[in-house]
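Participant: No sequence on hand, only this structure:
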């Protein structure tokens, strides 16, 4: 994070600039793919329209997502380059709190990048990180895009995918899995096809998700299941679009 | 553009993916800065909200911008890495049609990158490209960010800046210059402070601007001046925001 210190704390766009610098640093370190920078930019734009804050709608998604992860038999957190560059430590802490398995899963898969990302997560305190084996395959995706670990994503019942590709999200849903996605674009295919969509920045969402996990650790399972049963993802997306449209009109 | 051919023409996001590949290629060639990829992603998001088309509002801006460039004493087109990566040839053709001076001007200035960008424009047919001298300074900007050519941007009366930083746009306005900006984010400081803002993708906007320049080459100057006099940039931005909000509500 060497360059981050060059940005004055007083800058009105401080948080956004520091985050941007971390993604660019991730590229230089070989953690982040070039298209990850473009994806980050798309996220920045949507976050700007949301007001760069966790909306009440996103917070509700986060609480239901926590309930879902706590009720899961075999929950997995699937992370990519951007997620590790921005929230490695927070993902490790979240995985410990649930507890859930961490797996590195890349759209542009190379053994070198997977190894680097696993090492980065281990440096941030992860005991075990899957993703290097790639001994199973998600049906409906071409060779490299479909690879995952048999003991991780492949056999998971609930998968948290902060920042995921639309095709992959759909393929996981087609396998009958519950997919929790974090995506700032409420119109993306990922947002539209996930079981629970969290329209929020991963930087805010991952710690907040951990807050809800801690909050509900002792909550009775039937109570959590009732929360999940009442969740209407489509309705939340519609309300988020209305929220954004209203906000644009007020600017 | 080697990789672009890997994307099937039938892909629903073909144009967007090819454009993305050109920006990534620009990074590998040393034409584009890392933050240029993030900026491109922000643009993608706003373009998506606009429907990836030149709105009637943007088209009106483009016609007035053409009038303004045709009436200018010393018009300059200021280009950066993203602009060259995406529309080098079209910028050269536009500069010839007006005629206007081309100048490379970078937010993250290095002599190496300026030289590469000048060469790329020359390969696309440019006779002369300014930017390497950097013998003048825009008041109010720190050393490197303010550097420009005395015979180019510094002495221009009208400057077209496809993709420009907000600080620089404001500093050019403070010098009394007419600034025409192309910016997909109607809320950016660049969009808000330019004399004429074109809320459109440079890939569509530059050729369309050339169309309007050709269309009005023979138009009498008083007619062009009347068009400019009636231009209300603030009103156009408001209407563009309304357009986007309506579109989001309809999705």
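Facilitator: Noted; the coordinates are in hand. Just so we're clear, the structure is a prediction, and the values are computed from it rather than from any experiment.

Participant: switch to C-alpha atoms for all contacts and neighbour counts from now on
Facilitator: Fine.

Participant: Okay, and residue A:94 sits in which element?
Facilitator: helix A:81-97 (DSSP states H and E).

Participant: which residues touch residue A:93?
Facilitator: By C-alpha atoms under 8 Å, 6 or more residues apart in numbering or on different chains, residue A:93 lies in contact with residue A:210.

Participant: If I look at it, what pLDDT would I see?
Facilitator: pLDDT for residue A:93: 98.

Participant: before we move on, back to that, report the buried residues of the helix holding residue A:94.
Facilitator: Neighbour-count burial for helix A:81-97 flags A:81-96 (criterion: 16 or more other C-alpha atoms under 10 Å in any protein chain shown).

Participant: Skipping its backbone neighbours, what lies nearest whichever residue of the stretch 151-251 of chain A sits closest to chain B in space?
Facilitator: When you check the stretch 151-251 of chain A against chain B by C-alpha to the nearest C-alpha, the closest residue turns out to be residue A:245, at 4.4 Å. Nearest residue to residue A:245, sequence neighbours excluded (C-alpha to C-alpha, 6 or more residues apart in numbering or on different chains): residue B:245, at 4.4 Å.

Participant: Three-state assignment for the one you found, please.
Facilitator: Following DSSP: H, G, I helix; E, B strand; the rest coil, residue B:245 is assigned to helix.

Participant: follow-up on the earlier one: the residue of the stretch 151-251 of chain A closest to chain B contacts residue B:251, doesn't it?
Facilitator: No - between residue A:245 and residue B:251 there is no contact under C-alpha atoms under 8 Å: 10.9 Å.

Participant: Distance of the nearest residue to residue A:157 once chain neighbours are set aside relative to residue A:77?
Facilitator: Excluding its sequence neighbours, the residue lying closest to residue A:157 (C-alpha to C-alpha, 6+ apart) is residue A:177, at 5.2 Å. With the distance defined as C-alpha to C-alpha, to the nearest Å, residue A:177 ends up 13 Å from residue A:77.

Participant: Residue A:101 versus the nearest residue to residue A:67 once chain neighbours are set aside, what's the distance?
Facilitator: Closest residue to residue A:67 apart from its sequence neighbours, by C-alpha to C-alpha, 6+ apart: residue A:224 at 5.2 Å. From residue A:224 across to residue A:101, the span is 21 Å (C-alpha to C-alpha).

Participant: Contact partners for residue A:161?
Facilitator: Contacts of residue A:161 were listed using C-alpha under 8 Å, 6+ apart, and they are A:77-79, A:179-182.

Participant: So which of the residues you listed sit within helices?
Facilitator: Among the contacts of residue A:161, no member falls in helices (DSSP state H).

Participant: Select from those the one having the most neighbours.
Facilitator: When neighbours are counted by other C-alpha atoms under 10 Å in any protein chain shown, residue A:180 leads the contacts of residue A:161 with 29 neighbours.

Participant: Please name the bridge partners of that residue.
Facilitator: Beta bridges link residue A:180 to residue A:160, residue A:196, judged by DSSP bridges.

Participant: Am I right that it is in contact with residue A:198?
Facilitator: Yes - counting by C-alpha under 8 Å, residue A:180 does reach residue A:198; the two are 7.5 Å apart.

Participant: Now residue A:120: phi and psi?
Facilitator: phi -60, psi -40 (degrees, to the nearest 10).

Participant: Tell me how far it lies from chain B.
Facilitator: Between residue A:120 and chain B the computed distance is 22 Å (C-alpha to the nearest C-alpha, to the nearest Å).

Participant: and that residue, how many neighbours does it have?
Facilitator: So residue A:120, with other C-alpha under 10 Å, has 17 neighbours.

Participant: Residue A:229 now?
Facilitator: Neighbours of residue A:229 under the rule other C-alpha under 10 Å: 10.

Participant: how about the helix or strand hosting residue A:23 against chain B, any contact?
Facilitator: In the assignment (DSSP H and E), residue A:23 maps to helix A:14-28. Yes - Helix A:14-28 is in contact with chain B by C-alpha under 8 Å from any C-alpha of the partner chain, via A:20, A:24.
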